[in-house]
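Engineer: Can you look at this prediction? I've put the sequence above it.
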Amino acid sequence: MKYIVMLLGCLSVSVASTNALAQPAAPSALQVRSWAAGCANCHGTNGVAQAGHVSLAGQNADLMLKNLLDFKEGRRPATLMHQLAKGYSDAELKAIATYFAAQKN
């Protein structure tokens, strides 16, 4: 009986761990802003770029996500963006695109 209780305890911990891994917590607004800050060198603070660069502020989030995923997968040529995009998960790229879409241009 003692072993059955121990086995059930281990199984419940295993199931709880699996559920926690399957549903990652949404990133905080501060985390997303930190990821987006890495884009400021080329795309400007809060996504408002200087002349010669693409502004991201206020752009369509779905289109930005498609472009980021295309960079990540090598479907869109780039000098730097493909390398940067590979550093983020698809969910992180979606959060970044959503952040810039919400910024005023």
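Structural biologist: Received the coordinates, thanks.

Engineer: Can you give me the distance of the residue nearest the centre of the chain to P77?
Structural biologist: Closest to where the C-alpha atoms of the chain average out (C-alpha atoms, centre = their mean) is E92, at 0.7 Å. Between E92 and P77 the computed distance is 22 Å (C-beta to C-beta, to the nearest Å). Yep, even glycine has a C-beta here, placed from its N, CA and C like the rest.

Engineer: what does K104 give?
Structural biologist: As for K104, its distance to P77 is 30 Å (criterion: C-beta to C-beta).

Engineer: Ok, D62 next?
Structural biologist: The separation that D62 has from P77, given C-beta to C-beta, amounts to 21 Å.

Engineer: following the helix or strand bottoming out on mean pLDDT in the chain, which helix or strand comes up?
Structural biologist: Within the chain, confidence by mean pLDDT, DSSP states H and E is lowest for helix 2-22 among all helices and strands, at a mean of 49. Scanning forward in sequence from helix 2-22, with DSSP states H and E defining helices and strands, the next element found is helix 29-37.

Engineer: Now Q103: closest residue in space, sequence neighbours ignored.
Structural biologist: For Q103, ignoring the flanking residues on the chain, the nearest one in space by C-beta to C-beta, 6 or more residues apart in numbering is A57 at 3.8 Å.

Engineer: how about Y99, what does it touch?
Structural biologist: V32, R33, W35, A36 (C-beta atoms under 8 Å, 6 or more residues apart in numbering).

Engineer: Great, nothing more from me.
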